[in-house]
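Student: Quick check, what structure comes out for this input:
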Amino acid sequence: MTINLLKDPLHPGEVLNELYLKPLGLSAPACARRLGVPRSRIERLVKGITTMTPDTAFRLAYLFDTSPIYWMNMQTNYSMAKAAGTIDISAIKPLVSA
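Tutor: Numbers count the residues shown, from 1 in each chain. From the prediction side, this is the model:
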C-alpha cells in the first residue's frame, strides 16, 4: 500500500508569517491582539513550536477571510509528513477483504 503525502509541507505558522503577517506588516503580538489570544500563542505558532488548533484556525480564518479547514489541513499535512518519517509500519500485515 502506498500512502501519498505532500513532500516537505510547510508548518502553518510559517505560512501565517510569510503569506500573511509579513506582507501586511503585522507582528505576531499585533495579530494575537486582533485575534483576542495570548501573544505567546501566535509567537510559538510562527516559530513552529506549537501546532494549529481549531480555535486558532477559526480566528485566523475570520481575520484573513480564509477557512478554518485551510489552516487545519496545513497542520494535518505537516503532522502526517513528520510522522511518516518516524513511524515503523513494516511489521503490519494489511487485511485483505474476501
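Student: what's the distance between the residue nearest the centre of the chain and residue 17?
Tutor: Of all residues in the chain, the one closest to the mean position by CA atoms, centre = their mean is residue 75, 2.6 Å from it. Distance of residue 75 to residue 17, computed by CB to CB, to the nearest Å: 15 Å. The way it works is simple: take the backbone N, C-alpha and C, and place the C-beta from them, glycine included.
Student: Start and end of stretch 50-69, how far apart?
Tutor: In stretch 50-69, first residue to last residue: 18 Å (CA to CA, to the nearest Å).
Student: likewise stretch 86-98?
Tutor: Its start and end residues considered, stretch 86-98 measures 32 Å (CA to CA).
Student: Please renumber the chain so that the first residue is 8 from this point on.
Tutor: Yes, from this point I'll number from 8; that puts the last item at stretch 93-105.
Student: Just the element for the residue nearest to the centre of the chain, please.
Tutor: helix 75-91 (DSSP states H and E).
Student: Pull out the buried positions in that helix.
Tutor: Neighbour-count burial for helix 75-91 flags 75, 78-79, 81-82, 84-85 (criterion: 16 or more other CB atoms under 10 Å).
Student: so which of these comes closest to residue 41?
Tutor: Distance to residue 41 across the buried residues of helix 75-91 (CB to CB) is lowest for residue 78, with 15.4 Å.
Student: correct me, but residue 53 touches residue 22?
Tutor: No. Applying CB atoms under 8 Å, one finds residue 53 not in contact with residue 22, separated by 9.8 Å.
Student: and residue 53, how far is that from residue 75?
Tutor: 18 Å.
Student: what about the helix holding residue 82, average pLDDT?
Tutor: Helix 75-91 shows a mean pLDDT of 95 in the predicted model.
Student: Check the offset of that helix from the chain's centre.
Tutor: 5 Å (CA atoms, centre = their mean, to the nearest Å).
Student: Now do it: which elements does it pack against?
Tutor: Using 3 or more CB pairs under 8 Å, 6 or more residues apart in numbering; DSSP states H and E as the contact test, the elements touching helix 75-91 are helix 19-22, helix 61-71.
Student: mind checking which of those is nearest residue 40?
Tutor: Across the helices and strands packed on helix 75-91, closest to residue 40 is helix 61-71 (CB to CB), at 11.0 Å.
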